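Q: How does the following fold in three dimensions:
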Amino acid sequence: MTPKKRTWRDAFLLVLKGMAMGTANKIPGVSGGIIALAAGFYEELIFSFSRLDIKAIQLLFSKGFSAFYQRVNGTFLCLLFGGVTLSFFSVSLVLDQFITHYPKQVLGTFFGMIIASVYYIWNDLPKYSYREYLSNGIGIVLGIGLLWINPGVENDHWLFVFFCGMVSIAGMTLPGLSGSLLLLILGNYTLLLVDSVNALFYTFKDLFAGNGWGLEDTERSRLLGVLLFFTLGSGAGLIFFSKVLEVILRHYKSLTISTLVGFIIGSLGAVWPWTSKTTALDENLWQITATPHNTYYLPNLVDLTTLSVVFFLFLGAITVIVLEHYGKKERT
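A: Numbers count the residues shown, from 1 in each chain. The predicted structure is shown next:
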């Protein structure tokens, strides 16, 4: 695979896709990888990640930054992660408020988007045989099984934090596998994605205000250390998973995609809007699934809140349909 040449318009769209990817990564149960798969840049993403290796470092020191930049598909990565970074200072901040006050509507939107994306991703598979259907079924079982794992307790040991970093990055490389959900299961979601990130924010705030780094605060120093090992683990996981996936996609593309689609379907329970974590249970509602840490149920269809969630569910699906229609026009 060779890096693509991009117009200014392509660059702008890639930044927007990066923003969508960064926003999705913040929602437990939603994978940034599914945005990449649905938006049509998943293979290029894995290709670019896989080039971040020892050879790239050797090129940097032997032939300079230009050779390194070309090997790792630097333009693509800079535009994409520029969008991811922007999302944390724009869309994600707004989304945090919506998650706090309207969790069911947010989950409904993502549920609709994922359902529509699964349809298009599966429809784009070049062939269907018993192997694709079998791998799809295996993916569904794995996705459902993930939801039954009991959440762990918070652990700030540097080895475990490093491991969390490696595991969480899977949400970017494996569509359907949410890095945020994995951190919830491991018990370190709040520590790594809330407390540590807030510590970094306040450090920069103090620095720009002329108050120094604020490292005399032992709790902030601890959290910044945690964030450092989490970042190192994420980098190591990114290189490892992308190398493995590049080989698998090259030789077993249809089986890989069908497995990932199955995994996405199986893990849809993570974004089902009507659960015990989004609202109190109603005794009159039929509980359809129970896990060790959550309860799923069917909504009351005459409730106005339910109707608003259904509206956002269809809005999410329609958004994907419109984007897919636009994408097909661009590709023809």
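Q: Stretch 211-224: how far from the chain's middle?
A: 29 Å (Cα atoms, centre = their mean, to the nearest Å).
Q: got the end-to-end distance for it?
A: Its first and final residues considered, stretch 211-224 spans 17 Å by Cα to Cα, to the nearest Å.
Q: again with stretch 79-99
A: In stretch 79-99, first residue to last residue: 27 Å (Cα to Cα).
Q: list the buried ones in that stretch?
A: Buried residues in stretch 79-99, counted by 16 or more other Cβ atoms under 10 Å: 79, 80, 82, 83, 84, 86, 87, 88, 91, 92, 95, 99. All C-beta spots, glycine's among them, are computed from the backbone N, C-alpha and C.
Q: in what helix or strand does the last one lie?
A: For residue 99, the host element (DSSP states H and E) is helix 91-101.
Q: Compute the inter-axis angle for the helix or strand following that helix and helix 91-101.
A: Counting by DSSP H and E, the element after helix 91-101 in chain order, helix or strand, is helix 103-123. Helix 103-123 runs at 120 degrees relative to helix 91-101, counting by axes from the mean of the first three to the mean of the last three Cα atoms, to 10 degrees.
Q: Show me what helix 103-123 is packed up against.
A: Packing partners of helix 103-123 (3 or more Cβ pairs under 8 Å, 6 or more residues apart in numbering; DSSP states H and E): helix 32-39, helix 91-101, helix 253-266, helix 304-331.
Q: what kind of secondary structure is the closest residue to residue 215 other than its chain neighbours in?
A: Distances taken as Cβ to Cβ, 6 or more residues apart in numbering place residue 221 nearest to residue 215, at 5.1 Å, with adjacent residues excluded. State at residue 221, reduced to three classes by DSSP: H, G, I helix; E, B strand; the rest coil: helix.
Q: would you list every one of the strands in this structure?
A: Taking DSSP state E as the test, the strands found in the chain are 287-291, 294-297.
Q: quick one: the last one to chain centroid distance?
A: Read it as strand 294-297. That offset, for strand 294-297, works out to 23 Å (Cα atoms, centre = their mean).
Q: okay, that strand in CSV with CA atoms only?
A: The C-alpha trace of strand 294-297 is given here as CSV (Å, rounded to 0.1, in the frame of the first residue of the first chain):
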residue,chain,number,x,y,z
ASN,A,294,-25.4,-4.2,34.3
THR,A,295,-29.0,-4.9,33.4
TYR,A,296,-30.6,-4.4,30.0
TYR,A,297,-34.3,-3.9,29.4
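Q: quick one: residue 315 from residue 113, how far?
A: For residue 315, the distance to residue 113 (Cβ to Cβ, to the nearest Å) stands at 9 Å.
Q: So between the two, which is more surrounded?
A: Neighbours were tallied for residue 315 and for residue 113 using other Cβ atoms under 10 Å; the higher tally belongs to residue 113 (27 against 14).
Q: count of residues packed around the residue nearest to the more buried one when sequence neighbours are not counted?
A: Leaving aside its chain neighbours, residue 113 sits nearest to residue 316 (3.9 Å; criterion: Cβ to Cβ, 6+ apart). Neighbours of residue 316 under the rule other Cβ under 10 Å: 23.
Q: What of residue 222?
A: Residue 222 has 14 neighbours, counted by other Cβ under 10 Å.
Q: Next, the distance between the ends of stretch 121-137.
A: 16 Å.
Q: Show me what counts as buried in that stretch.
A: Under the neighbour-count criterion of 16+ other Cβ under 10 Å, stretch 121-137 has 121, 122, 132, 135, 136 buried.
Q: what does it rub up against?
A: With contacts defined as Cβ atoms under 8 Å, 6 or more residues apart in numbering, stretch 121-137 is touched by 37-38, 175, 253-262, 265.
Q: Stretch 156-171 now?
A: By Cβ under 8 Å, 6+ apart, stretch 156-171 touches 25, 31-33, 155, 177-183, 186, 188, 191-192, 222, 225-226, 229-238, 240-241.
Q: Using PyMOL, define a selection of the buried residues within the residues you listed.
A: Per 16+ other Cβ under 10 Å, the buried members of the contacts of stretch 156-171 correspond to this PyMOL selection:
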select buried, resi 25+31+32+33+177+178+179+180+181+182+183+186+188+191+192+226+229+230+233+234+237+238+240+241
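Q: among the contacts of stretch 156-171, which are in helices?
A: Within the contacts of stretch 156-171, residues falling in helices by DSSP state H are 25, 32-33, 179-183, 186, 222, 225-226, 229-238, 240-241.
Q: and of the buried residues of stretch 121-137, the nearest to residue 71?
A: Closest approach to residue 71 among the buried residues of stretch 121-137 (Cβ to Cβ): residue 121, at 28.8 Å.
Q: gap between the closest one and residue 203?
A: For residue 121, the distance to residue 203 - Cβ to Cβ - is 40 Å.
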